[in-house]
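Undergrad: Need coordinates for the below:
(2 chains)
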Amino acid sequence: MRLEPRPRPTVLHTLGYPAGAIAVTVVFASMLVLIAGANPFSVFWLVIKGAAGSQFAFMETLTRATPLIFTGLAVAVAFRARLWNIGAEAQLYIGAVMTVVLGTGAVALPAVALIPLIMVAAMLAGALLLLGPAVLKIRFGVDEVVTTLLLNFIVLLFVSMLLEGVLKDPTGLGWPQTKKVIDAAELPRLVKGRRLHWGFVLAIASAVVTWVIMKKTALGYEMRAVGHNPEAARFAGIPVNRVLMKTALLSGGLAALAGFSEVAGLKGNLTLDLSPGFGYTGIVVAMLAMLNPLGVVLSAVFVAGIFVGADAMSRSAGVPSYIAQVMVAAALLTMVAAIMLSRFRIRWR
Amino acid sequence: MLDALEILFTATFWAAAIRIASPLIFATLGELICERAGVLNLGIEGIMTAGAFAGWFAVWSGADLWTGVLVAALAGAAFGLLHGFLTVPLGLSQHVTGIGITLLASSLTYFTYRVALPKVSSPPKIEAFQPVAIPVLSDIPVLGPALFNQTPLTYLAFVMAGLVGWLLYRTPAGLALRAVGENPAAVEAQGISVTAVRMGAVMAGSALMAIGGAFLTMSAFNSFFFEMVNGRGWIAIALVVFGSWRPGKALLGAILFAAFDAYQLRLQQVAGGLVPYQVFLMMPYILSILALILVARRATYPKALMIPYQKGER
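TA: Next comes the predicted model:
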């Protein structure tokens, strides 16, 4: 068999295959629900209700989507230039570390100065963390997939060390956690009594800025050119290595903002379970959005909805909430296949 | 200081090193087979998780140990089939698909675990593989207890290293496998299907990765717990590069790496109070990155690695 480009993909192809991907994912998840001894219809209804059934539920979904928008943007930017940043998890944690280092009282400034300062510091830390693998890739040809993956483990251990050492809250009853950030470093809640915070607005703004960078600036053009064909880009006079480094700085900075926003907007302090894999889920978010920065917002809300809905469903229906992760992973695989099939057709011969 | 050096000459140290190396040997060989055929398999971490669970679960439900190993291998091959289908005939990005396979395999494993054992706080143990002393050989001082008083799965790991080397370099199938990773068009010209060879390689490699995972539950910890693979898959990918895609060198790399790991574990006991324990735990990952930097400049990747093959295209 071989793949042939479709000369004129019809609406049926461009919409039908992605719809098929969702159908396959839902059928697969239904089978798992049946195995777990529950009724798929009632389970999916509970997931939808848990994700968007009330104002409270939907705000929870948006709260969960906030870090995913940042990590999704980080991955989208990097993958566009074919810089395989699988280390958003580590960059998130470094951003969170900078937030508690500067935000727990060490720097006494009013909020208008402190919050931008922390953001810049967090972005810088995340950017530098990804610059390492990018430089190793450019200078030594070391595969950045492996280095960014391994850095996730190193950084998590580093954070664990800080939490039991210099950053440990002396009044925390021995728990490995930091002090709470001071009021001036806190991102206020958007609606009183709900957990949704200004980090969400910041995430949307970041998506718009990233979209502008990708679509309207020379850097964005160069990044796409490098991602499309590095050899041709180099031949066309694009400084490929410099573009890759700039991409790394941007991507790492965006991922670090996820850590900042989770600490300053939601949790208040840093613990080792700040992120249940937001960095890895960001890859799914970016791919479902086909690496479009504005699409990332929608896909992050969609993915967050599955997680929040599954948590609610799990409490009442007893199906393990891991079903959410299975669905998200299955959606990723079926969707990349569907996008391919909408552009190419299979010839059996 | 003397204590720190004396460790190197004890049999228990080398026995531990070989034990730590065993799952890495399986995983590294598995990844090596995939990459030699031109397919990067980032599903490795998830496939090892699935293998660890599948083998353990089979034995826990009453199967004997070798059946458990077989079940793990089949689970691995099934994920290999999926990875192969998406990356070989469909030619999807091997990076994205691999990460997707890791996410799918590990989440599916955790889901199944929770469905099968809804209310356990401490995971039940199984009667795992026990060390089998090989007569005469195990009496050699230091080397004997280290190499020849291990569990059958460790012996299997070493046999596999030899077998994979023999298959790759001494059989027509191995020649075809290496060739599809270097020059697929030439293989197709011989009337051999590139798709079939690559799919076979990915499935076989994934089966080996899964046995590597099963080693953890069936020969080391005797029960399954979350996050137990703990980056061993990613380390195996680094070891493939370090071993320059050769089974023998990969075997040596895995043992060397495991020796460092066993050493830092012991150093931790000697110098535990001085340095935070996390620094020791970081060592394997830092070491992997250093190893990559060391060899990267002269690494010769299989030429068709990560390049999808389209029949009739040059």
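
Undergrad: give me the residue from the stretch 151-300 of chain B nearest chain A.
TA: Residue of the stretch 151-300 of chain B nearest chain A, by C-beta to the nearest C-beta: residue B:278 (4.0 Å). The C-beta positions use only the backbone N, C-alpha and C, and glycine is treated the same way.

Undergrad: Run through the residues that contact that residue.
TA: By C-beta atoms under 8 Å, 6 or more residues apart in numbering or on different chains, the contact set of residue B:278 is A:157, A:158, A:160, A:161, A:164.

Undergrad: any idea whether it is helix, strand or coil?
TA: Assigned by DSSP: H, G, I helix; E, B strand; the rest coil, the conformation of residue B:278 is helix.

Undergrad: can you give me the strands in chain B?
TA: Assigned by DSSP state E, the strands in chain B fall at B:132-133, B:149-150.

Undergrad: packing partners for the last one?
TA: Same thing as strand B:149-150. helix B:11-36, strand B:132-133 (3 or more C-beta pairs under 8 Å, 6 or more residues apart in numbering or on different chains; DSSP states H and E).

Undergrad: closest to residue A:122 out of the ones you listed?
TA: When these are ranked by proximity to residue A:122, the top entry is helix B:11-36, at 34.9 Å, counting by C-beta to C-beta.

Undergrad: So for the closest one, what gets flagged as buried?
TA: Neighbour-count burial for helix B:11-36 flags B:11, B:13-36 (criterion: 16 or more other C-beta atoms under 10 Å in any protein chain shown).

Undergrad: For the stretch 201-349 of chain A, give me the ranges with low pLDDT.
TA: A:348-349 (pLDDT under 70).

Undergrad: In TSV, list the contacts of residue B:278 along with pLDDT and secondary structure.
TA: Below are those laid out as TSV (pLDDT from 0 to 100; DSSP: H, G, I helix; E, B strand; the rest coil):
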residue	pLDDT	secondary structure
A:157	96	helix
A:158	97	helix
A:160	96	helix
A:161	95	helix
A:164	92	coil
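
Undergrad: near chain B, from the residues you listed?
TA: The overlap between the contacts of residue B:278 and the neighbours of chain B (C-beta under 8 Å from any C-beta of the partner chain) comes to A:157, A:158, A:160, A:161, A:164.

Undergrad: Which member of those is positioned nearest residue B:53?
TA: Of all those, residue B:53 sits closest to residue A:157, with 24.7 Å by C-beta to C-beta.

Undergrad: how near is the closest one to residue B:232?
TA: In this view, residue A:157 and residue B:232 are 15 Å apart by C-beta to C-beta, to the nearest Å.

Undergrad: One more: residue A:108?
TA: 46 Å.

Undergrad: and if you look at residue A:343?
TA: For residue A:343, the distance to residue B:232 - C-beta to C-beta - is 37 Å.

Undergrad: what do you get for residue B:302?
TA: Applying C-beta to C-beta, the value for residue B:302 to residue B:232 is 23 Å.

Undergrad: What about the ones next to chain B among the contacts of residue B:278, which one has the most neighbours?
TA: residue A:157 (21 neighbours; other C-beta atoms under 10 Å in any protein chain shown).

Undergrad: re the thing from before, residue A:343 and residue B:232: which has the busier surroundings?
TA: For residue A:343 versus residue B:232, neighbours defined as other C-beta under 10 Å are more numerous around residue B:232 (26 against 14).

Undergrad: I'd assumed residue B:48 was in contact with the more buried one.
TA: Yes - here residue B:232 lies in contact with residue B:48, judged by C-beta atoms under 8 Å, at a distance of 6.4 Å.

Undergrad: Show me the common contact partners of these two, please.
TA: With C-beta under 8 Å, 6+ apart as the test, residue B:232 and residue B:48 both reach B:23, B:27, B:212, B:216.

Undergrad: Greatest separation within these: which pair is it?
TA: Distance extremes for the shared contacts of residue B:232 and residue B:48: the farthest pair is B:27 and B:216 at 10.3 Å, using C-beta to C-beta.

Undergrad: got any residues that touch both of these two?
TA: B:48, B:232.

Undergrad: quick one on the thing from earlier: any idea which of the contacts of residue B:278 is the one closest to residue A:347?
TA: Within these, distances to residue A:347 taken as C-beta to C-beta reach their minimum at residue A:157, with 50.2 Å.

Undergrad: Excluding residues flanking it in the chain, which one is nearest the closest one?
TA: Leaving out its chain neighbours, the residue that sits closest to residue A:157 by C-beta to C-beta, 6 or more residues apart in numbering or on different chains is residue B:278, at 4.4 Å.

Undergrad: Could you list the contact residues of the stretch 1-150 of chain A toward chain B?
TA: A:1-3, A:32, A:35-36, A:79, A:84, A:86, A:136, A:140-143, A:145-147, A:149-150.

Undergrad: so what's residue A:325 up against?
TA: Counting by C-beta under 8 Å, 6+ apart, residue A:325 touches B:103, B:107, B:110, B:111.

Undergrad: which of those residues has the most neighbours?
TA: residue B:103 leads those on contacts (other C-beta under 10 Å) with 25 neighbours.

Undergrad: so the nearest residue to residue A:305 once chain neighbours are set aside is in which element?
TA: Distances taken as C-beta to C-beta, 6+ apart put residue A:51 closest to residue A:305, at 3.6 Å, once the chain neighbours are dropped. Taking DSSP states H and E as the criterion, residue A:51 maps to helix A:40-52.

Undergrad: mind listing what's buried in the helix or strand just after that helix?
TA: As assigned by DSSP H and E, the chain's next helix or strand after helix A:40-52 is helix A:55-80. Buried residues in helix A:55-80, defined by neighbour count with 16+ other C-beta under 10 Å: A:57-80.

Undergrad: What of stretch A:180-189?
TA: A:180, A:181, A:182, A:184, A:185, A:186, A:187, A:189.

Undergrad: The fifth one contacts residue A:98, correct?
TA: No - at 11.1 Å, residue A:185 and residue A:98 do not qualify as touching, with contact defined as C-beta under 8 Å.

Undergrad: shared neighbours, the two?
TA: In contact with both residue A:185 and residue A:98: residue A:118, using C-beta under 8 Å, 6+ apart.

Undergrad: Now, the residues of the stretch 1-150 of chain A next to chain B that are in helices?
TA: Members of those lying in helices (criterion: DSSP state H): A:32, A:35, A:79, A:136, A:140, A:145, A:146, A:147, A:149, A:150.

Undergrad: In terms of pLDDT, where does the residue lying closest to the fourth one once chain neighbours are set aside sit?
TA: The shortest distance from residue A:136 to any residue that is not its chain neighbour, by C-beta to C-beta, 6+ apart, is 4.1 Å, and that residue is residue A:142. Residue A:142 is assigned a pLDDT of 92 by the prediction.

Undergrad: thinking again about what came up before, mean confidence for the helix holding residue A:51?
TA: For helix A:40-52, the per-residue pLDDT averages 95.

Undergrad: repeat for stretch A:125-138
TA: For stretch A:125-138, mean pLDDT rounds to 97.

Undergrad: CA atoms only for that stretch - export them in PDB, please.
TA: Listed next in PDB are the C-alpha coordinates belonging to stretch A:125-138 (Å, rounded to 0.1, in the frame of the first residue of the first chain):
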ATOM      1  CA  ALA A 125      14.400  30.400  33.900                       C
ATOM      2  CA  GLY A 126      12.200  28.200  31.700                       C
ATOM      3  CA  ALA A 127      13.800  29.700  28.600                       C
ATOM      4  CA  LEU A 128      17.300  28.900  29.800                       C
ATOM      5  CA  LEU A 129      16.300  25.400  30.800                       C
ATOM      6  CA  LEU A 130      15.300  24.600  27.200                       C
ATOM      7  CA  LEU A 131      18.300  26.600  25.800                       C
ATOM      8  CA  GLY A 132      20.600  23.800  27.200                       C
ATOM      9  CA  PRO A 133      19.100  21.000  25.100                       C
ATOM     10  CA  ALA A 134      18.800  23.300  22.100                       C
ATOM     11  CA  VAL A 135      22.500  24.200  22.300                       C
ATOM     12  CA  LEU A 136      23.400  20.600  22.800                       C
ATOM     13  CA  LYS A 137      21.400  19.800  19.700                       C
ATOM     14  CA  ILE A 138      23.000  22.500  17.600                       C
END
